[in-house]
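*Asks:* Build me a structure from this.
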Amino acid sequence: MVNGQIVLMGGNEFRANCVPMDRELLGMIARQPVRVAILPMAAARQGPQQAARNGVDYFNGLGAQAYPVMALSRQDADDPQIVAMLNDADLIYLTGGDPAYLLANLRGSALFWAVLDRWRQGAMIVGSSAGAMVLGAAMRYGHRWTPTLGLAARVAILPHHNDAAFLALSLVGVPPTPSGAANTPTMIGVAEATGIVSADDPGATEMGTHWRVVGAGTVTVYTLPAPQRYHAGERFVIT
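*Replies:* Okay, the predicted model is just below:
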């Protein structure tokens, strides 16, 4: 089996300016129409039904077969009937919302292990805003860094990172090195309606994770001696 791709979005999902980007993502999946599972857990305190409906209507409008997976609590995340809804998903989409709530209720749950299993079987895993934050190695929330789920083990996502939000490293500090990891995660600022797609190159000679930028905005990689900016179609490597 080959792991699927991970997509980390900057937020403001399911809007008109996301359409070209999301059409591209759907086109990368072999089985058509793509079965898209919308997980609004991060929005559990902020209108999850509307978040799910927005995602389902949006992706159905793009020709996919989308459906909600209404796991809104830890109890839901361990419910076998809810978890089984991921069994046939080609794309699993974690919406925006509260990243701390999402992490607390998803980490270690049966739902998380189902997401991981689908990814290992080739499904695409997409996280937007809060969803992207928890898929990385660490997240900045509540004035401190917190270890997260680590599917994207070398990165820490700063979502909603539009041009006006070009941050100095001194404002956010440096994310912690996860236990057992060789390197500190690299902070990546991702603008709204923009994402990075994992694109490991089997022919590459250097170690690291390869990423490709999609969408309307820019991506800022906080590397030394200076941050680097990338646009749609451009690639970068995290070592």
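
*Asks:* From here on, just use CA atoms for contacts and neighbour counts.
*Replies:* OK.

*Asks:* Show me what the helix or strand where residue 132 lies is packed against.
*Replies:* Counting by DSSP states H and E, the element that carries residue 132 is helix 130-135. Packing contacts for helix 130-135, counted by 3 or more C-alpha pairs under 8 Å, 6 or more residues apart in numbering; DSSP states H and E, involve strand 6-9, strand 91-94, helix 99-106, strand 124-128, strand 155-158.

*Asks:* these two touch, right, residue 59 and residue 67?
*Replies:* No. The criterion here is C-alpha atoms under 8 Å, and residue 59 misses it with residue 67 at 9.1 Å.

*Asks:* What is the distance between the helix holding residue 132 and the centre of its chain?
*Replies:* Between the centre of helix 130-135 and the centre of its chain there are 5 Å (C-alpha atoms, centre = their mean, to the nearest Å).

*Asks:* Just the residues contacting it, thanks.
*Replies:* Applying C-alpha atoms under 8 Å, 6 or more residues apart in numbering, the contact partners of helix 130-135 are 7-10, 42, 94-99, 102-103, 126-127, 139, 148-152, 156-159.

*Asks:* Neighbour count for residue 59 and residue 67, which is higher?
*Replies:* Neighbours were counted for residue 59 and for residue 67 using other C-alpha atoms under 10 Å; residue 59 has more, 23 against 20.

*Asks:* Sketch out the strands for the protein, chain order is fine.
*Replies:* Taking DSSP state E as the test, the strands found in the chain are 6-9, 35-39, 65-68, 91-94, 124-128, 138-141, 144-147, 155-158, 186-190, 194-198, 209-215, 219-221, 228-230, 235-238.

*Asks:* right, and those strands - which one's nearest residue 116?
*Replies:* Closest approach to residue 116 among the strands of the chain (C-alpha to C-alpha): strand 124-128, 8.8 Å.

*Asks:* Thanks a lot, catch you later.
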